[in-house]
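> Curious how this folds, go ahead:
(one chain, ligands or ions: 1)
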Amino acid sequence: MKVQLAIAIVTIALTACMKNNSSNTKSTAAPFATEVDSLLSLMTLEEKAGQLNLYAGSWEFTGPVPKDANNQQKLENIKSGRVGAMLNVITTEGTREAQKLAVENSRLGIPLLFGYDVIHGYKTMMPIPLGQAASWDAEVARSGAQVAAKEASASGINWTFAPMMDIARDARWGRMMESPGEDPYLASYLSKAWIEGFQGNNLSDEATIAACAKHFAAYGFAEAGRDYNTVDISMQTLYNMVLPPFKAASEAGVASFMNSFNEIGGVPANGSELLQRELLKGAWNYQNGFVVSDWGSIGEMITHGFAADTLEAGYKALTAGSDMDMEAHVYENSIEELVSTGKISEEILNDAVRRVLTIKFQLGLFENPYRYSDTTREKADLLTEENLKVAREAARKSIVLLKNENNLLPLNKEGQSIAVIGSLAADKDVPLGSWRAQANEGSAVSVLEGIQGAVSNKSDVSFAQGYTLTTGRRKFVYELEFVEGDQSGFDEAIQLAKKVDVVVLALGEDCWQSGEGRSQTDIGLKGDQMDLMYEILKVNKNIVVTLMNGRSLAIPELDENIPAILEVWHLGSEAGNAIADVLFGDYNPSGKLPVSFPRNVGQCPIYYNHKNGGRPATNPHDAGMVFWSHYTDSPNTPLYPFGYGLSYTTFEYSDLSLSSSEMNQAGEIVASIKVKNTGKVGGQETVQLYIRDYVGSVTRPVKELKGFEKITLKPGEEKVVQFTINNETLSYYRADLSFGSEPGQFALMIGGNSQKILTTDFRLVD
Ligand code: BGC
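Numbers count the residues shown, from 1 in each chain. Prediction:
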């Protein structure tokens, strides 16, 4: 009887407000406030605490399995309204079953959220996020996330743990693959587009899902690039480099935030009042979404040495603003006691519950809790032609041409014999990448298949495996074993290479070399790959390397010896077709690196927006003396800088001019530059604007990306590109952490990458 009453109250309130209430997370008025409050008023303390528990489905774990995982108990807890959300429960059938437990058994019938790591696709795989970032294209991010949302929501999922917007400067860190790279401007731009793609304009649309801005914050700054390691970061770097994408996500109306595993200044993110109360829920006024912990991370505050026991961990996390506990089972064992003994006020708990319920209302779960578990859609919407088309477009736009001596590329579809060499070339699984949700194993188009499909005559293409990269592969649980010293496939590859016009040599990383828990101290090519490269070089110099990887790699030997190199990341379902599009010139490569490529691992972390320092490498005091910032065995510069990427045509930059050489804080300056296509084919260029603030109340980076524009030019065509510089462009979080600009001299730089730029100066006056 009570259940029916409660449902009736919720339903009446819901119907009354549906018409006026935009479900758009962007609306400023609290959406569904009336419904949420009326439901909240019916809830017991136990039920409120229950909404803050996020359980993993027992059949798939993406973190350490809790020792006391008791699945029977989990089921009982769902039935008694002590669970708010589940993760890793998949398929319409699985989610429907779990939803039924909550809706039909618990007193108030509050539906569950179903969260999942839909990172770069659900069934149809887009390029890994780092690859997508190389497109510098919001449409790539948006349309890929849209497809992912469509597929995931057709399979019962209504909440993705994406996008990850952690700034990544250190290639040793395995999760660089999931990141938008090293620059906060580009990361903000792409994160916003990913959120728009996942959430659309209306969360109650069946084909959209709630997104999650993660990991809040500074997870990418783990010391020595070792996953989960301590982070020690200055407030200026935190505010100016790490937080901008999160602020942009909050402004874009992202439905949730996920805390990071790391500490900042001795405070684990889950317990950080600064991050959650002061910034996110305070200064940024984030009201309509909630904060979820990472897997087990509220409990890990005890291991960090920040809480003595479960009760203290629960107290610190909830008061600091962590709303939901993912698989630590801390909230489940602390909140009722903390609130009933008055240690935590019920209003703090209510605020957390309100946030979770708001998203459930916005998703339309109270209207129909099974709306995402629709078997018809699950059959119709997955891996469709249309979705694959989006994946191919995204993949080709993500490819970066690193080198192309003597215009070896593009290749000819006719009359050119091609040897495709390397086990990665025939691999149909590696291109799917790490964090691949429900991708079917081995379902990617391989490089070999892509090439065979593109040439006029298949007999022009031959294949030899050459090397074997690993002994086998398993997601998460096993370490990879690389094959070294077994060169039995070399001879066949060498013989083949001798006979052909050109060799396409596929090198790189296995998909499980990157991703969570996959940090490495060596960021070169594993196994026998380099040996094979040298052997092939002896018999044929016309080599095109396709480099598949989930991080920036140290590949100086390739740069030195190989005439043409294509960075192809882990490109997803349509990898081979997209690579062939570029190899044969059907698509002129336009990608630009979102991260610096180091010369060697010793340079990590390496990033373009560094500080000048007092003894910079560009200013050696005395030739022959060692007293300046440098390495004795390597240049300071990266092998390929941030923003770098070639095209089959060339672009000439000239006539950099400013509308004025001076502005005040109310004014603006327009910078203009002429870009000309000086080659023989049409192409796309990403024109990049950088700024340097020479003197600040705290030191400023040597350059920072402040804008970019993608332009398409026919051969011989030229365009004037303009950027407007205003006070916002020049502002940053200053010594006292206030946001604003400081009068003085600035450099303005425009070019096709962060190193090759034209520079001029201007002044900001009082
Ligand atoms: C990862 C998160 C992920 C979560 C759930 C954690 O280990 O750090 O990014 O969303 O697991 O799978």
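> low pLDDT regions in this structure?
Scanning the chain for pLDDT under 70 picks out 1-29, 58-70, 473-478, 618-624.
> if I look at the one residue sitting closest to the centre of it, how far off is the ligand?
In the chain, the centroid-proximal residue (CA atoms, centre = their mean) is residue 179; its distance is 3.3 Å. Per CB to the nearest ligand atom, to the nearest Å, residue 179 is found 11 Å from the ligand. (Each C-beta comes from the backbone N, C-alpha and C, glycine too.)
> And residue 457, by the same measure?
From residue 457 to the ligand the distance is 46 Å (CB to the nearest ligand atom).
> For the ligand, what's its nearest residue on the stretch 101-250 of the chain.
For the stretch 101-250 of the chain, the residue closest to the ligand is residue 161, as judged by CB to the nearest ligand atom, at 3.3 Å.
> okay, now that residue: neighbour count?
By other CB atoms under 10 Å, 25 other residues sit near residue 161.
> With residue 217 instead?
Using other CB under 10 Å, residue 217 is surrounded by 30 other residues.
> what does the one 4 residues further on give?
For residue 221, the number of neighbouring residues by other CB under 10 Å comes to 26.
> wait, doesn't it sit right on residue 169?
Yes - taking contacts as CB atoms under 8 Å, residue 221 lies within contact range of residue 169: 7.5 Å.
> Check the separation of the first and last residues in stretch 431-441.
10 Å (CA to CA, to the nearest Å).
> Can you give me the buried ones in that stretch?
431-439 (16 or more other CB atoms under 10 Å).
> Turn these into JSON lines, columns for secondary structure and distance to the ligand.
What follows is these, written out as JSON lines (DSSP: H, G, I helix; E, B strand; the rest coil; distance: CB to the nearest ligand atom, whole Å):
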{"residue": "431", "secondary structure": "helix", "distance to the ligand": "22"}
{"residue": "432", "secondary structure": "helix", "distance to the ligand": "17"}
{"residue": "433", "secondary structure": "coil", "distance to the ligand": "15"}
{"residue": "434", "secondary structure": "coil", "distance to the ligand": "11"}
{"residue": "435", "secondary structure": "coil", "distance to the ligand": "8"}
{"residue": "436", "secondary structure": "coil", "distance to the ligand": "13"}
{"residue": "437", "secondary structure": "coil", "distance to the ligand": "11"}
{"residue": "438", "secondary structure": "coil", "distance to the ligand": "14"}
{"residue": "439", "secondary structure": "coil", "distance to the ligand": "16"}
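> For the ligand, what's its nearest residue on the stretch 501-650 of the chain.
Relative to the ligand, the nearest point of the stretch 501-650 of the chain is residue 516 (5.5 Å; CB to the nearest ligand atom).
> Now do the SS call for the closest residue in space to residue 48 that isn't next to it in sequence.
Residue nearest to residue 48 in three dimensions, not counting chain neighbours: residue 353, with 4.8 Å by CB to CB, 6 or more residues apart in numbering. Per DSSP: H, G, I helix; E, B strand; the rest coil, the local secondary structure of residue 353 is helix.
> right, and residue 335 touches residue 49 too?
Yes - with contact defined as CB under 8 Å, residue 335 reaches residue 49; the gap is 4.0 Å.
> In contact with the residue nearest to residue 48, which residues?
Contacts for residue 353 (CB atoms under 8 Å, 6 or more residues apart in numbering) come out as 40, 43, 48, 51-52.
> try it again with 7 Å
Residue 353 is in contact with 40, 48, 51-52, counting by CB atoms under 7 Å, 6 or more residues apart in numbering.
> can you check residue 669 too?
Applying CB under 7 Å, 6+ apart to residue 669 gives the contacts 658-660, 663, 725, 762.
> I'd say residue 394 and residue 129 touch.
No - counting by CB atoms under 7 Å, residue 394 does not reach residue 129; the two are 11.0 Å apart.
> if we can go back for a sec, how close does the nearest residue to the residue of the stretch 501-650 of the chain closest to the ligand once chain neighbours are set aside get to residue 159?
Excluding its sequence neighbours, the residue lying closest to residue 516 (CB to CB, 6+ apart) is residue 175, at 5.9 Å. Residue 175 sits 20 Å away from residue 159, taking CB to CB, to the nearest Å as the criterion.
> Between the two, which is the more surrounded one?
Set residue 175 next to residue 159 and count neighbours by other CB under 10 Å: residue 159 wins out with 30 against 27.
> Residue 248 versus the more buried one, what's the distance?
For residue 159 relative to residue 248 (CB to CB), the value is 20 Å.
> Look at residue 340 and say how many residues are nearby.
Neighbours of residue 340 under the rule other CB under 10 Å: 12.
> now it, nearest residue through space, not along the chain?
Spatial nearest neighbour of residue 340, chain neighbours left out: residue 45 (6.4 Å); criterion: CB to CB, 6+ apart.
> so that neighbour sits right up against residue 336, yeah?
Yes - the criterion here is CB under 7 Å, and residue 45 meets it with residue 336 at 5.6 Å.
> So which of these two has more stuff around it?
Comparing residue 45 with residue 336 by other CB under 10 Å, the one with more neighbours is residue 336, at 19 against 14.
> Could you check how far the residue nearest to residue 272 when sequence neighbours are not counted is from residue 326?
For residue 272, ignoring the flanking residues on the chain, the nearest one in space by CB to CB, 6+ apart is residue 320 at 5.7 Å. Using CB to CB, one obtains 16 Å as the distance from residue 320 to residue 326.
> if we can go back for a sec, more neighbours, residue 394 and residue 129?
Neighbours per residue (other CB under 10 Å) separate residue 394 from residue 129, with residue 129 holding more: 31 against 28.
> who has more neighbours, residue 320 and residue 326?
Applying other CB under 10 Å to residue 320 and residue 326 shows that residue 326 carries more neighbours, namely 27 against 22.
> Contact partners for the more buried one?
Counted by CB under 7 Å, 6+ apart, residue 326 has contacts 54, 87, 292-295.
> Bridged to it, which residues?
Applying DSSP bridges to residue 326 gives these bridge partners: residue 54.
> Can you get me a residue count around the nearest residue to residue 287 once chain neighbours are set aside?
Leaving out its chain neighbours, the residue that sits closest to residue 287 by CB to CB, 6+ apart is residue 30, at 6.2 Å. Here the count is done by other CB under 10 Å, and residue 30 has 15 residues near it.
> Check the secondary structure at residue 30 for me.
coil.
> how much space between it and residue 286?
Taken as CB to CB, the span from residue 30 to residue 286 is 12 Å.
> ok, now residue 322?
Computed with CB to CB, the distance linking residue 322 and residue 286 is 13 Å.
> For the two, work out which one has more neighbours and name it.
Using other CB under 10 Å, the more surrounded residue of residue 322 and residue 286 is residue 322, with 36 against 25.
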